[in-house]
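Q: I'll drop the sequence and a predicted model, then ask my questions.
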Amino acid sequence: MNTPVKTFPVPSSLKVVPGTERAQAAYPYTIQFGPGDDERFWFYNSMHFPEPMSAFDMVTAEAAYCALGSANTRVHCLPTTLGIDHRIINGRVYIGGNAVTDPAEIARRTGEFQKRAFYYYENWERLYDQWREKMMTLIRDSQALPKPELPEFEPLEHVHAGRGVAMNHYLLDTYQKTIEGYFRMWHHHFEFLLLGYGAYLTFFAFCKKAFPEITDQTIARMVAGIEAEIFRPDDELRRLARCAVELGVDAGFQEGVKADDIIRTLEQSGTAGQAWLKELATSRDPWFNINVGDGFYHYHRSWNDDLTMPFAGLPDYIRRVKAGESLDRPVGKLQQERRQLIEDYRELLNTDEERAAYDQMIKLAHRVFPYVEGHKFYCEHWYTNLFFNKIREFGALLSSHGFFPDTEDVFQLSHYELEMAIIDLMTSWSNGSAPRGPALWPKIVAERRAALVEWAKHDTPPALGPVPDVIDDPAIVMLWGITRESLNTWLSAGANEGDSKEVRGFAASSGVVEGPACIVKSVEEIARLRKGDILVCQVTNPTWAPVFQKIAAAVSDIGGSMSHAAIVAREYGLPAVVGTGNATSRIKDGQRIRVDGGRGIVTIL
Amino acid sequence: MSEVIGWFADIGLNDRPHVGGKGGSLGELQRAGIAVPPGFVVKTGAFERFITNLERDFPVRSRIEALQPDALDEVRACCDEVRAKVVAAALPADVLAEISAAHSVLCGGAAGAAAANVNAPPVAVRSSATTEDAVDASFAGLQDTYLWVTNLQDVLDKVRSCWASLYSLESVTYRRKKGLPEAGVAMAVVVQKMVNARTAGVMFTRSPLTGDRSVITVEGAWGLGSSVVGGEVTPDRWVVGKITGEISVREISDKHIQHLPASGGGIEDVPVAAEQRQAPCLSDAELQALRAIARKVERHYGRPQDIEWAVERDTNQILLLQSRPETVWSAKEAAPVARAAADPLSHVMSIFGGQKK
């Protein structure tokens, strides 16, 4: 075997794609590669940011790493790691950990860690209840923010009420609160996350040591919750399917009929139709606040914003209800299976001493896991939707004042630039002059849109800089699954990838299935899925659950074996391979493929 | 109970001193409700009578005991001579009668002592060692199995061959090095109905690679299992989750030959048809059935097992030919993976505390 070359290209050797230099310059100076960066190891965060990031969407990286770092470095004081630095080039986000290596410093931080993290573990339920309240307050605050508007004159009632502060000020006020809320939300996101993953991984590592050949998915099944928030959207759809049958309005749900048309028909079909729409409204708030991606891109819209996804699942659910099938998730049975699984593995351990340790570890894993599973709904889905939609309202306002042609163009401005544009508008409204933005932004927006298209065509190295001897950063191991071994795979990959018929990923749900690949790159394409197709997509996500009843297997570019996608696939009993990195680009639409979910291998036939 | 013959239904592991490890295990399996090919054991009593009879004019045990294990040529010559005597000596009349009768019963009355050369339903004749060392030193590997034996005369010959294998160079050298007394040396012989296997092989109720007790490793090939046990074919290999049933490894090999019964008795190498060579020799349903059997056997014995199995060609029934304790990993003294901690939270330091190098 050839010894792999022990280094990736250094950051300074990576060039900005010619013609996109100005788009690259739009990102803050703090995250441009610069002196000193060549000496450090970086990896491309394709898990969270698989596509080039628009200037605005980078706010997510900024807010998230700021919060992650605070939790690790200053709040819980993880012994061996500080926070994570991020850089961007050609729209691709690279990150690098900040390891603590001095034994004395590790010891000092260990003392702090135990005072802080252990307190969280001990008081987990109380703190988590409190967390949910804080999140709901944050969500309500965000929902209460006014829609940004600028009437020609200050409304008379404001004047008569002696409000004193003119409406243009509230643009800035709302915008700053929106940004502030988003940064705050990310702090809540990381308040428990690393501790939760750490406790889970403690059990995970024990299982891997005791049962070296146990699959990741089996461990996930022992820990994963059965009534987690993340199952709710799909449960709501099943409920709506039952309602449609009970109310006798099911005939309207036909494959290929647009959601809007169905709703229009129901509106006109008397009390039964309206009763169903009322049920729909109940489900939508909050459970349709789930987006079709991981929440990191403004264009990953929610079910509420685009009913295509949930409605795509309804015809099949309705058909099953009418066939007399119970759509209820067999919660009791699933819980019983989980208990049995835990008990059976326990029995295989060698000694009672090991069993006692196993009991301690799984108890803690079960304690923390509801957070690990549940936070995403509140943070990445619900709150993030509200956030991007609020920015969209600013986009509509600015667009109506000629700053750029389309509402969505607002996401081509960084959040710093957007504040400038808003102040520009506020100022022009106040002094009666024309705003300056309309002469500036349209050209920049077009240029940046073109750059995003261009960047998407270029592959980017999976990592940069010298390879560390060991990856001892629990955050990086936990959140990205990066180990010394995976780096070796990256280093040796590429050479033979071109002609290989195999695409490898994480074994997420076992079973072997062959069928035609249906490459789904956006929600609009979901309607193309036919029964028996193998879904090949960038991110699978529980929001896609309704389509799982149609497909024969699922393959994704991104995701780990404990991702929600994997959990849903297992519930549906479908083979799934996740985290392949590039299945959507290597597999062609319509190609016959074989998915071996037990081994994590997709073969192009 | 007869000192010469023991039927599987009547014996178990506790009878090991008289029926050997293999025989006792087959009886034990049958008692545990596991399907095994029907059969009986020619017990050590038969061997004792035979060797006593033989020693009237040819002292065997004293000669062996006099050997120096390092005098290889001398040992070899003595072994050759003893084996030649054993295979040629006549059986005591009572032993002959009992084996013949049992064989006749096993074959449904199709063959008998009076018709020694008549073709009978095929049986396997396998040595079944009584020494406890069979567990500790995989001594059993040094013994013999004869497949597809189709008449009584052959059965009787193979029984003697099994007895003779006690005096193989390897066995004798081993005993002399360990200083084991010859008086305790005896051999039982299993005679059981041959399984006309479509597919056969072995399975371990733990991973041979990592010792993992949560998986079952199954290896199999077309035809009789002797091609797998003898290493003549690279078998298909699966790793099946013992508890989950998840099939995490599927290695389908190019199985170029298979062992099939030869027309004149015994077995022969037969090329595998092109379209079958790279086809899996077990279905997923069969793998799951094997998993269920493996769990049952392991539970019965309370420790990991090394199992030989076969799938009957016509009925698709799965039969076990042997189960013995796994020895390699069980002999290793593994440190506990983790111990219970006074503060359960301290376990997380294995993740947060940095790698221990």
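A: Yes, it's here.
Q: Now for residue 210: which residues touch it?
A: Picked chain A for this. A:349, A:354, A:358, B:337 (Cβ atoms under 8 Å, 6 or more residues apart in numbering or on different chains). For every residue, glycine as well, the C-beta is placed using N, CA and C.
Q: hm, I was asking about chain B
A: A:212-213.
Q: same question, A:L68
A: A:L68 touches A:83-84, A:186, A:190, A:193-194, A:475, counting by Cβ under 8 Å, 6+ apart.
Q: what's the closest of those to A:A553?
A: A:L193 (30.1 Å; Cβ to Cβ).
Q: Look up how far A:D250 lies from the closest one.
A: Distance check for A:L193 against A:D250: by Cβ to Cβ, to the nearest Å, it reads 42 Å.
Q: try B:D284
A: Separation of B:D284 from A:D250 (Cβ to Cβ): 37 Å.
Q: Between these two, which is the more surrounded one?
A: A:D250 (21 against 15; other Cβ atoms under 10 Å in any protein chain shown).
Q: My read is that that one contacts A:K322, right?
A: Yes. Because the distance of 7.0 Å satisfies Cβ atoms under 8 Å, A:D250 is recorded as touching A:K322.
Q: element containing the nearest residue to A:W124 once chain neighbours are set aside, please.
A: Leaving aside its chain neighbours, A:W124 sits nearest to A:R367 (5.3 Å; criterion: Cβ to Cβ, 6 or more residues apart in numbering or on different chains). Taking DSSP states H and E as the criterion, A:R367 maps to helix A:352-376.
Q: Check which helices and strands that helix is in contact with.
A: helix A:103-122, helix A:124-144, helix A:167-210, helix A:216-223, helix A:331-348 (3 or more Cβ pairs under 8 Å, 6 or more residues apart in numbering or on different chains; DSSP states H and E).
Q: Now the longest one: average pLDDT?
A: Confidence for helix A:167-210, expressed as mean pLDDT, is 95.
Q: Over to stretch A:335-343?
A: Mean predicted lDDT for stretch A:335-343 stands at 94.
Q: Enumerate every residue touching the residue nearest to A:W124.
A: A:R367 sits next to A:121, A:124-125, A:199 when contact means Cβ under 8 Å, 6+ apart.
Q: What strands line up against the helix or strand where A:R87 lies, and which way round?
A: Remark: A:R87 resides in strand A:81-89, with elements defined by DSSP H and E. If you go by DSSP bridges, strand A:81-89 pairs up with strand A:92-99 (antiparallel).
Q: Pull out the buried positions in the partner strand.
A: Judged by neighbour count using 16 or more other Cβ atoms under 10 Å in any protein chain shown, the buried positions of strand A:92-99 are A:92-97, A:99.
Q: What angle do helix A:103-122 and that strand make with each other?
A: 110 degrees (axes from the mean of the first three to the mean of the last three Cα atoms, to 10 degrees).
Q: hmm, back to that, quick one, which of the helices and strands packed on helix A:352-376 gets closest to B:A9.
A: Taking these one by one with Cβ to Cβ, helix A:331-348 is closest: 30.3 Å.
Q: From the contact counts, what lies against that closest one?
A: helix A:216-223, helix A:352-376.
Q: give me every residue that touches B:N53.
A: So B:N53 contacts B:89-90, B:92 (Cβ under 8 Å, 6+ apart).
Q: Which pLDDT value does the model give it?
A: 94.
Q: Just the element for it, please.
A: helix B:44-55.
Q: How is B:D314 assigned, secondary-structure-wise?
A: coil (DSSP: H, G, I helix; E, B strand; the rest coil).
Q: Surely it is in contact with B:A197?
A: No. Judged on Cβ under 8 Å, B:D314 makes no contact with B:A197 at a distance of 10.6 Å.
Q: Show me the shaky parts of the stretch 201-350 of chain A.
A: Regions of the stretch 201-350 of chain A meeting the criterion pLDDT under 70 are absent.
Q: Could you pick out the residues of it near chain B for me?
A: A:201-202, A:205-206, A:209-215, A:217-218, A:341, A:344-345, A:348-350 (Cβ under 8 Å from any Cβ of the partner chain).
Q: ChimeraX command for the buried members of the residues you listed?
A: Buried residues within those, by 16+ other Cβ under 10 Å, are selected in ChimeraX with:
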select /A:201,202,205,206,210,211,213,214,215,217,218,341,345,348,349
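Q: Residue 62: which element?
A: All of this is about chain A. helix A:58-69.
Q: if you could check chain B rather than the one you did, that'd help
A: Assigned by DSSP H and E, B:S62 falls in helix B:61-65.
Q: Now do that helix: which elements does it pack against?
A: Partner elements for helix B:61-65 (3+ Cβ pairs under 8 Å, 6+ apart): helix B:72-88, helix B:169-178.
Q: What residue in the stretch 201-350 of chain B comes nearest to chain A?
A: Across the stretch 201-350 of chain B, the shortest distance to chain A (Cβ to the nearest Cβ) belongs to B:A340, at 3.5 Å.
Q: What number of residues are in the vicinity of that residue?
A: Residues contacting B:A340 under the criterion other Cβ under 10 Å number 17.
Q: just A:V568 next, same as before
A: As a burial measure, A:V568 scores 24 neighbours (other Cβ under 10 Å).
Q: In this model A:F548 seems to touch it, though I could be wrong.
A: Yes. Contact status for A:V568 versus A:F548: in contact at 6.1 Å, counting by Cβ under 8 Å.
Q: ok, the closest residue to B:E74 other than its chain neighbours to chain A distance?
A: Distances taken as Cβ to Cβ, 6+ apart put B:L67 closest to B:E74, at 6.5 Å, once the chain neighbours are dropped. Using Cβ to the nearest Cβ, to the nearest Å, B:L67 is found at 42 Å from chain A.
Q: Now B:L67, what are its backbone angles?
A: Here is the backbone geometry of B:L67 (degrees, to the nearest 10): phi -80, psi 140.
Q: Can you name the residues that contact residue 79?
A: I went with chain A, as the question did not name one. Applying Cβ under 8 Å, 6+ apart, the residues near A:P79 are A:100, A:106-107, A:109-110, A:113, B:352-354.
Q: actually chain B
A: Contacts of B:C79 (Cβ under 8 Å, 6+ apart): B:167-169, B:172.
Q: re earlier: farthest pair within the buried residues of strand A:92-99?
A: Every pair of the buried residues of strand A:92-99 checked by Cβ to Cβ; the farthest is A:R92 and A:A99, at 22.8 Å.
Q: on that earlier part again, make TSV from the contacts of A:A210 and add distance to A:V555 to it.
A: Output for these, formatted as TSV (distance: Cβ to Cβ, whole Å):
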residue	distance to A:V555
A:L349	35
A:E354	37
A:Y358	33
B:V337	34
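Q: A:N582: which of those is nearest?
A: Among these, B:V337 lies closest to A:N582 (Cβ to Cβ), at 36.2 Å.
Q: what's the closest non-adjacent residue to the residue in chain A that chain B sits nearest to?
A: At 3.5 Å from chain B, A:A356 is the closest residue in chain A, using Cβ to the nearest Cβ. Distance criterion Cβ to Cβ, 6+ apart; nearest residue to A:A356, sequence neighbours excluded, is B:A340 at 3.5 Å.
Q: if I read this right, that neighbour contacts A:T351, doesn't it?
A: No. Using Cβ under 8 Å, B:A340 makes no contact with A:T351, being 10.5 Å away.
Q: so where is the stretch 251-357 of chain B shaky, pLDDT-wise?
A: Flagging of the stretch 251-357 of chain B using pLDDT under 70 yields the residue ranges B:333, B:355-357.
Q: residues in it within reach of chain A, list them.
A: So the stretch 251-357 of chain B meets chain A at B:334, B:336-341, B:343-345, B:347-355, B:357 (Cβ under 8 Å from any Cβ).
Q: let's go with 6 Å and repeat that
A: Neighbours of chain A within the stretch 251-357 of chain B, by Cβ under 6 Å from any Cβ of the partner chain: B:336-340, B:344-345, B:347-348, B:350-355.
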